[in-house]
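> model the structure of this input:
(one chain, ligands or ions: 1)
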Amino acid sequence: MIDKSLLKTFGSRENPLRSSNMTKLKHCPGYLVAAHMFGEFEEDTAFKAAHTGSAFGKAAEIYHRDYDQSEPTESEIADILKATNHVALNGEGEGEGRQDPFQNYDSKKVTDWLKMYCSDPRNHSNSVYGEVIVESLEIPLELVLPPHKIDKTRQEIVITCHLDQVRRHPLLGMPVIWDIKCVERFETTQFINPYYAAQLSVYTKAWEQRFGEKAIMGGVIHPPSYKGFKLVPNPGTDKKKKGKKIRVEKAVHECNVFLQSGFSADTVDAQLDQLRYLIALIRQGDILLNSGPHCSWCYYEHFSNCSATFKV
Ligand code: SF4
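Numbering: from 1, shown residues only. Next up is the predicted model:
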């Protein structure tokens, strides 16, 4: 049985939440409470996918720190991959900001995606998508929100996060929040922005709180979407075959890797209000259960297991 007195500090300074868990909270509050109390429960394949995502994130970070003025050479890409592998094996940093090792990653996927990412002009420092703000790479942030009006604990809500990257909009001059997601599950990629909207809302507001400047929620950068595209020196060039003009290659910059959220500042606030409401319910011991495909990654695995434990 759940000790409901423990739930009163859920998402407080004493018991903060991670932004990466906001999707779980939206899917099913019971899922997040279980993860919070009993630890994450994930399939081996999800474990490998998570490590592959971490490895690509690290490789992209190294690229933007040292190489994004132009397309790197093959030997520079090899250096980026070598440095990534070093972190994958040993972890990096100390204390709260420490990155744990992620050695179970798929190096072929990371190599393929990185080559495309580095050759994509949208990722070079003079891109129309804006220059990456180097100080934003993997920066740890904290978002503090007031409790919802129904929240009797009156405790502030604390959510910690690590940003992937923020770019400076070339025309507006505003910071644009981007998150790199390497998920390949079809059902997720189809709805990737709504799926991660809560997490991106946390990033956007956390940036505003830390730096005191309005930010735009950019969206998701999805490297697996490079699949099927080729590096072409003269993008968009058609070739002739048997007298017919056909398009034989697609240019890297044509592929739909930048998935813009299109969410306004009001949407960000609405997302955060929902999170505050769900957290208030959990703190008072009312844990909503919403079964779905995500049950297979949950500690309880099936509605028949959790429903006996969580009685609203
Ligand atoms: S098994 Fe499904 S419905 Fe039950 S807590 Fe987990 S995710 Fe929610």
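> what's the first helix or strand after the helix or strand of the chain with the lowest mean pLDDT?
Least confident element among the helices and strands of the chain, by mean pLDDT, DSSP states H and E: strand 244-246 (a mean of 51). Downstream of strand 244-246, the first helix or strand assigned by DSSP states H and E is strand 258-260.
> who touches that next one?
Residues outside strand 258-260 that contact it (Cβ atoms under 8 Å, 6 or more residues apart in numbering) are 122, 129, 178, 192-193, 218-222. Using the backbone N, CA and C atoms, a C-beta is placed for each residue, glycine as well.
> give me the number of residues near I192?
Using other Cβ atoms under 10 Å, I192 is surrounded by 18 other residues.
> residues in contact with it?
181, 183, 220, 222, 259.
> try it again with 10 Å
Applying Cβ atoms under 10 Å, 6 or more residues apart in numbering, we find I192 in contact with 179, 181, 183, 219-220, 222, 225, 259, 261.
> quick check: it vs the ligand, distance?
Between I192 and the ligand the computed distance is 20 Å (Cβ to the nearest ligand atom, to the nearest Å).
> read off the pLDDT value for that residue.
Predicted confidence (pLDDT) for I192: 74.
> and I221, what are its bridge partners?
Beta bridges link I221 to I180, F258, judged by DSSP bridges.
> hang on, isn't it packed against Q165?
Yes. If you go by Cβ atoms under 10 Å, I221 and Q165 touch, sitting 7.9 Å apart.
> okay, and the common contacts of the two?
Contact criterion Cβ under 10 Å, 6+ apart; residues shared by I221 and Q165: 57, 60, 123, 178-180.
> how about TSV for the residues you listed, with pLDDT, neighbour count and distance to the ligand added?
Formatted as TSV, those follow (pLDDT from 0 to 100; neighbours: other Cβ atoms under 10 Å; distance: Cβ to the nearest ligand atom, whole Å):
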residue	pLDDT	neighbour count	distance to the ligand
G57	96	25	26
A60	97	27	31
N123	93	24	36
W178	96	25	28
D179	95	24	23
I180	95	18	26
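> for those, give me CSV that also has distance to A34.
Shown next, in CSV, are the shared contacts of I221 and Q165 (distance: Cβ to Cβ, whole Å):
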residue, distance to A34
G57, 26
A60, 32
N123, 38
W178, 30
D179, 25
I180, 27
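> farthest pair in those?
Using Cβ to Cβ, the shared contacts of I221 and Q165 span at most 14.7 Å, a distance reached by N123 and D179.
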